[in-house]
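Chemist: predicted model, plus sequence, below.
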Amino acid sequence: RDAILLLAASLDANSAPPLAAAIVKAGPPADRHLPVNQFAALHGRGVQGDIAGQTYYLGNARLMTELNVLSPELQAILARLEQQAYTAMVLATPVGALGVIAVADVLRPTAAAAIAKLNALGVTTVMLTGDNLLTAQRIGAEVGVSLVKAELLPENKLDEIKALQQQFGVVAMLGDGVNDAPALAQADIGFAMGAAGSDTAIETADVALMDDELGKLPEFISLSQRTRSILVQNISFAIGIKAVFFGLALAGMATLWMAVFADVGASLLVVANGLRLLHHGKRP
């Protein structure tokens, strides 16, 4: 166990995703990590690197299949872990698998509440993940996600975003990893986790949630809808006032004070109406 964790933590110390961070945390201290050469991130599959002249791989079942080391015994272990809703990471060499590390996703405390607010706003929520289907379905059911798409590579996530755009029109994407960057770029608006997200995801996204608080997402959408409503009100009011004054002027009934109200007065009322957005979401 200790030898497997040492090798896995040494590899994942060079990686950023939450699963990698969990394995590094479970392994030995950083000063005991082994030096890794020729490190490479295998997007949607895992990582690889050379330790003491030996090439090691740490990744999912898809990577093990590509390496031709997915034996019936290993398949049985992975299937058992997936039935228990674990994410399984396999440490292997080109010759065969050395060990399996099971990782359990822990939901953010605010995740279910954020999804409930999104559903209440009329937003259809979809989970796109590279994780196995059983784990994804369990997490999706716990938080109340409408649709679950699992076992996706980065290019598959991109294809799913395109399909959702054809089905629903406007699509927003929330992501935090390098694997999410293509989908974030394709979405009509991309949201990135500002603190936990990778640099690539943050640079690609249109909006960064700087405190990684999921509740900010429905708040953002609600504020956007409210802003649009205020804009429609202000434009309609301003044009309406001008039209009424224009009609009075043509009828010879306009006065100087009417002109002042139609210009300065309307501007002040529009500004005052817009300032109501400062109180959006605040409670006594």
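Modeler: Thanks, I have the structure now.
Chemist: can you give me the helices for the stretch 101-250 of the chain?
Modeler: Using DSSP state H, counting those that start in this stretch, the helices of the stretch 101-250 of the chain run over 111-120, 133-143, 154-168, 181-186, 199-204, 216-250.
Chemist: lowest average confidence across the ones you listed, which one?
Modeler: Lowest mean pLDDT of the helices of the stretch 101-250 of the chain: helix 199-204, a mean of 77.
Chemist: report all helices and strands that that one contacts.
Modeler: Contact analysis of helix 199-204 by 3 or more Cβ pairs under 8 Å, 6 or more residues apart in numbering; DSSP states H and E lists helix 181-186, strand 189-193 as its packing neighbours. Every residue, glycine included, has its C-beta placed from N, CA and C.
Chemist: quick one: the shortest one to chain centroid distance?
Modeler: It stands for strand 189-193. 6 Å (Cα atoms, centre = their mean, to the nearest Å).
Chemist: average pLDDT for it?
Modeler: So the average pLDDT for strand 189-193 ends up being 87.
Chemist: export that strand to CSV, keeping only CA atoms.
Modeler: Extracted in CSV, the C-alpha atoms of strand 189-193 (Å, rounded to 0.1, in the frame of the first residue of the first chain):
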residue,chain,number,x,y,z
ILE,A,189,-20.9,31.8,-21.8
GLY,A,190,-18.2,30.0,-19.8
PHE,A,191,-17.8,30.0,-16.0
ALA,A,192,-14.6,29.0,-14.3
MET,A,193,-13.7,28.3,-10.7
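Chemist: just the buried positions in it, please.
Modeler: By neighbour count on 16 or more other Cβ atoms under 10 Å, the buried set for strand 189-193 is Ile189, Gly190, Phe191, Ala192, Met193.
Chemist: for the first one, what are its contacts?
Modeler: Okay, so that is Ile189. Val170, Ala172, Met173, Asp206, Val207 (Cβ atoms under 8 Å, 6 or more residues apart in numbering).
Chemist: let's see if you can find the most crowded of the residues you listed.
Modeler: Counting neighbours by other Cβ atoms under 10 Å, the top entry in the contacts of Ile189 is Met173, with 27 neighbours.
Chemist: with adjacent residues omitted, what lies nearest to that residue?
Modeler: Ala187 (3.6 Å; Cβ to Cβ, 6 or more residues apart in numbering).
Chemist: quick one: contacts for the one you found?
Modeler: Ile161, Gln165, Val171, Ala172, Met173.
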